[in-house]
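Student: I would like to see how this sequence folds:
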Amino acid sequence: MAFVKNLERDTTSIRGIHPTTVPCRFMVGLADGTKIIQLNTYGSEDRVVTGQYSQTLQFNEETALQLYRALRSAFDFKDE
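Tutor: You can find the predicted model right below:
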């Protein structure tokens, strides 16, 4: 579990798609007066304990904007 303080592009290559797939859900709320979006990944079907999240990333407005820009650039998204 971690709060993302900044987002930077890594110059190394991706070797391939991970073999394990997991569901991801997001939550939006206030934490200590700061608006946060939280991404939760849940264990794979092979996990011993199912139904609980295994990894969590939190973004505030600044880091969410960095993620938005990275996604827009990587996938050539167009603003509507």
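
Student: Could I get the full set of strands for this structure?
Tutor: For the chain, applying DSSP state E gives strands covering 2-3, 24-31, 34-42, 53-59.

Student: Which positions in the third one come out as buried?
Tutor: Of the residues in strand 34-42, those buried by neighbour count under the rule 16 or more other CB atoms under 10 Å are Ile36, Ile37, Gln38, Leu39, Asn40, Tyr42. All C-beta spots, glycine's among them, are computed from the backbone N, C-alpha and C.

Student: Any figure for the gap between the residue of the chain most remote from its centre and Ser54?
Tutor: The outermost residue of the chain relative to its centre, with distances by CA atoms, centre = their mean, is Val48 at 23.2 Å. From Val48 across to Ser54, the span is 11 Å (CB to CB, to the nearest Å).

Student: try Gln38
Tutor: To Ser54, Gln38 is 14 Å away according to CB to CB.

Student: go on, Lys78?
Tutor: The value you get for Lys78 to Ser54, if CB to CB is used, is 34 Å.

Student: Between these two, which is the more surrounded one?
Tutor: Ser54 (13 against 6; other CB atoms under 10 Å).

Student: How about that one, nearest residue that isn't a chain neighbour?
Tutor: Nearest residue to Ser54, sequence neighbours excluded (CB to CB, 6 or more residues apart in numbering): Gly43, at 4.9 Å.
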